[in-house]
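In: Fold the following for me, if possible:
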Amino acid sequence: MDAHQTANQANLPRATNAEPLNVKPVNKLLFGDNLQWLRDTKVFPDASVDLVYLDPPFNSNADYNVLFRDASGEASQAQFHAFTDTWSWADAAETYNQFIQTCPNLALAEMMEALHSSLKNSPLMAYLAMMAPRLVELHRVLKPTGSLYLHCDPTASHYLKVLLDGLFGGEHFRNEISWVRSNPKSLSKTNFSNCRDIILRYSKTDACVFNKVFGAHDPEYVDKAYKYSDKRGRYRLLPLLNPNDNRPNLTYKFLGITRVWRWTKERMEQAHKDGLVVQLKPGAVPQYKLYLEDSQGRTVTNNWDDIPQVAGNEALGYPTQKPVALLERIISVSSNPGDLVLDPFCGCGTTTHAAQKLGRQWIGIDITFLAVNLIKRRLHDAFGKEARFEEMGQPTDFGSAQRLAELDKFQFQHWALSLIDARPLKEGDGKGADRGVDGLLYFYESKEKREKIIVQVKGGGVKRNDISTLLGDVNNQKAAGGILVTLEKPSKPMREEAVSAGRYTSKLWHTKDYPKIQILTVEGLLDGTERVDSPPQDNPFAKAQREATGPKQATLI
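Out: Below you'll find the model as predicted:
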């Protein structure tokens, strides 16, 4: 999320077949400010969501970049600015004042005023002013059986916990989960190296969904605990004594031993008959056999040390990406198949991926089209046609494309580039490494030789000399060709200028000629009447691994 984007993308026209979630829950991918979406009660009625996971910015005062891939699949040097996690009071003051005046939770409003009195107009207070109204809306949309998981770092997590205590009530704070994500290197000279992230878990009420999950047993533990075996397999012995010694109905003599037992006499005798209760020697207290094959696994505590951080083929190059296994555990514990899972800061879409995999409905929201486009690719790569979802908030016709260009030219640029699967090049502030280049397409003439096509996007007026300028950039950068994606229809002289630029030949691809300069309109790309004429393109985005078809409930993580 870009802290400085304030464009109201949510006011863009929506798909005409959109239905309120209380009528027919469907998967949705929403582009725009999550606060404006959450306040839309037609999309988010009260008590409509079963589980919320959010991984908001941390007020880290850092820039985060997306990494792209080269032909080998390795991360390349090409990077793109994803978001700036920096906050200013000038941007947040109006939001804060409106929140104080309208917050339905008086205790929370007073808490925010107390924090403001202490933190003044600091960046941290600006960050909390951004988060508070969003947390209020997330609490509103949660069902009584719902839960909220919030991931944050020590920069702001303790402040957010104070807000959540005021919103949910301290009695509904469930866990502070410590995710041990890595084995840190010994680089720190004045601090202990940090190897964990904190996830706060709250429930809306006491009637929250909680499905207990189990982890895999450690092999050393298995060898030590399951030290007996018979023809059925390995087993361990567990005590049958009742810790409550005041249970007359469970006090009886069994195998010559009178004790207060865990089970009734009838159950004990049946278990003994089935060979599950053993007495190692005469006079010894009987014990119960627990076979390894019947064990559900290791009890999962609030210290999650069995889920490694993202690595290898799972890494999509997006900053702060979380592993699918982490979200699978959260979703499995606090929702059931068919439930609705919401991620209002969905980034590269790990929550939507895990929810789709586990057979849940989902909604993801992000304010950058770079993230939205990445999620679309990820779901398509991982699930193919099974990943059916409705896109809302992004342009669907010429009019809505025009409105996005007027509201936020950089988001329009990213969206327009996605229409032809071009990699964005310029950073969010419009300052790029290559002047005159908004995006790139690549294709290979051989394993060693990669050619590029320069892409420029015009959301405003276009004129004939735009073509000569593009051709000059193509020649200066020794590109194979150039593409102008324009919102306005080009003039006849512009098209003639493009044709006169000539063609280039791809020897690898059947020695075919392709136009040196192409003009593509947004309207033509949307209705499918126009497309890029080039050799098959190399995809610079990391590709998500294909998931097995058919949803399943994770019971052992």
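In: From here on, just use CA atoms for contacts and neighbour counts.
Out: Noted.
In: Give me the helices and strands touching the longest helix anywhere in the chain, please.
Out: Ranked by residue count and defined by DSSP state H, the top helix of the chain is helix 123-141. With contacts taken as 3 or more C-alpha pairs under 8 Å, 6 or more residues apart in numbering; DSSP states H and E, helix 123-141 sits against helix 34-38, helix 89-102, helix 106-119, helix 157-168.
In: Mind doing that once more with 10 Å?
Out: Applying 3 or more C-alpha pairs under 10 Å, 6 or more residues apart in numbering; DSSP states H and E, one finds that helix 123-141 contacts helix 34-38, strand 49-54, helix 89-102, helix 106-119, strand 142-152, helix 157-168, strand 340-343.
In: Please work out the angle formed by the directions of it and strand 142-152.
Out: Between helix 123-141 and strand 142-152, the angle comes out at 150 degrees (axes from the mean of the first three to the mean of the last three C-alpha atoms, to 10 degrees).
In: buried ones in helix 123-141?
Out: Neighbour counts using 16 or more other C-alpha atoms under 10 Å place 123-141 of helix 123-141 among the buried residues.
In: before we move on, back to that, now render the helices and strands packed on helix 123-141 as TSV, adding mean pLDDT and distance to residue 442.
Out: Formatted as TSV, the helices and strands packed on helix 123-141 follow (pLDDT from 0 to 100; distance: least, C-alpha to C-alpha, whole Å):
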stretch	mean pLDDT	distance to residue 442
helix 34-38	95	34
strand 49-54	98	35
helix 89-102	93	39
helix 106-119	95	49
strand 142-152	97	37
helix 157-168	95	42
strand 340-343	98	33
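In: Take the longest helix of the chain, keep the C-alpha atoms, and write them as CSV.
Out: Only the C-alpha atoms of helix 123-141 are listed here, as CSV (Å, rounded to 0.1, in the frame of the first residue of the first chain):
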residue,chain,number,x,y,z
PRO,A,123,4.3,10.1,12.0
LEU,A,124,3.3,7.3,14.5
MET,A,125,0.1,9.2,15.4
ALA,A,126,-0.6,9.7,11.7
TYR,A,127,-0.3,6.0,11.2
LEU,A,128,-2.7,5.2,14.1
ALA,A,129,-5.1,7.8,12.7
MET,A,130,-5.1,5.8,9.4
MET,A,131,-5.5,2.4,11.2
ALA,A,132,-8.2,3.3,13.8
PRO,A,133,-11.2,3.8,11.4
ARG,A,134,-10.3,0.7,9.4
LEU,A,135,-10.2,-1.4,12.6
VAL,A,136,-13.7,0.0,13.5
GLU,A,137,-15.1,-1.1,10.2
LEU,A,138,-13.4,-4.5,10.4
HIS,A,139,-15.0,-5.1,13.8
ARG,A,140,-18.4,-4.1,12.3
VAL,A,141,-18.3,-6.5,9.4
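In: on that earlier part again, got the helices and strands packed on helix 123-141 as JSON lines, with distance to residue 287 and mean neighbour count columns?
Out: Listed next are the helices and strands packed on helix 123-141 as JSON lines, based on distance: least, C-alpha to C-alpha, whole Å; neighbours: other C-alpha atoms under 10 Å:
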{"stretch": "helix 34-38", "distance to residue 287": "56", "mean neighbour count": "20"}
{"stretch": "strand 49-54", "distance to residue 287": "41", "mean neighbour count": "26"}
{"stretch": "helix 89-102", "distance to residue 287": "61", "mean neighbour count": "15"}
{"stretch": "helix 106-119", "distance to residue 287": "54", "mean neighbour count": "16"}
{"stretch": "strand 142-152", "distance to residue 287": "39", "mean neighbour count": "23"}
{"stretch": "helix 157-168", "distance to residue 287": "45", "mean neighbour count": "18"}
{"stretch": "strand 340-343", "distance to residue 287": "44", "mean neighbour count": "26"}
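In: Of the ones you listed, give the one that comes closest to residue 300.
Out: When the helices and strands packed on helix 123-141 are compared by C-alpha to C-alpha, strand 142-152 sits nearest residue 300, at 16.6 Å.
In: Partner strands of that closest one and their direction?
Out: As defined by DSSP bridges, the strand partners of strand 142-152 come to strand 49-54 (parallel), strand 196-203 (antiparallel).
In: And the helices in the stretch 451-557 of the chain?
Out: Taking DSSP state H, counting those that start in this stretch, the helices of the stretch 451-557 of the chain run over residues 465-476, 492-500, 522-527.
In: and residue 259, what element?
Out: Using DSSP states H and E, residue 259 maps to strand 257-260.
In: Distance from that strand to the middle of the chain?
Out: Distance of strand 257-260 from its chain centroid, counting by C-alpha atoms, centre = their mean, to the nearest Å, is 55 Å.
In: counting contacts, what elements does it pack onto?
Out: Counting by 3+ C-alpha pairs under 10 Å, 6+ apart, strand 257-260 packs on strand 251-254.
In: Select, out of the helices of the stretch 451-557 of the chain, the one closest to residue 201.
Out: The minimum distance between residue 201 and those falls on helix 522-527, with 42.3 Å, by C-alpha to C-alpha.
In: need the helices of the stretch 451-557 of the chain in a markdown table with mean pLDDT, mean neighbour count and distance to residue 341, can you?
Out: Formatted as a markdown table, the helices of the stretch 451-557 of the chain follow (pLDDT from 0 to 100; neighbours: other C-alpha atoms under 10 Å; distance: least, C-alpha to C-alpha, whole Å):
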| stretch | mean pLDDT | mean neighbour count | distance to residue 341 |
| --- | --- | --- | --- |
| helix 465-476 | 94 | 17 | 45 |
| helix 492-500 | 95 | 15 | 48 |
| helix 522-527 | 96 | 17 | 30 |
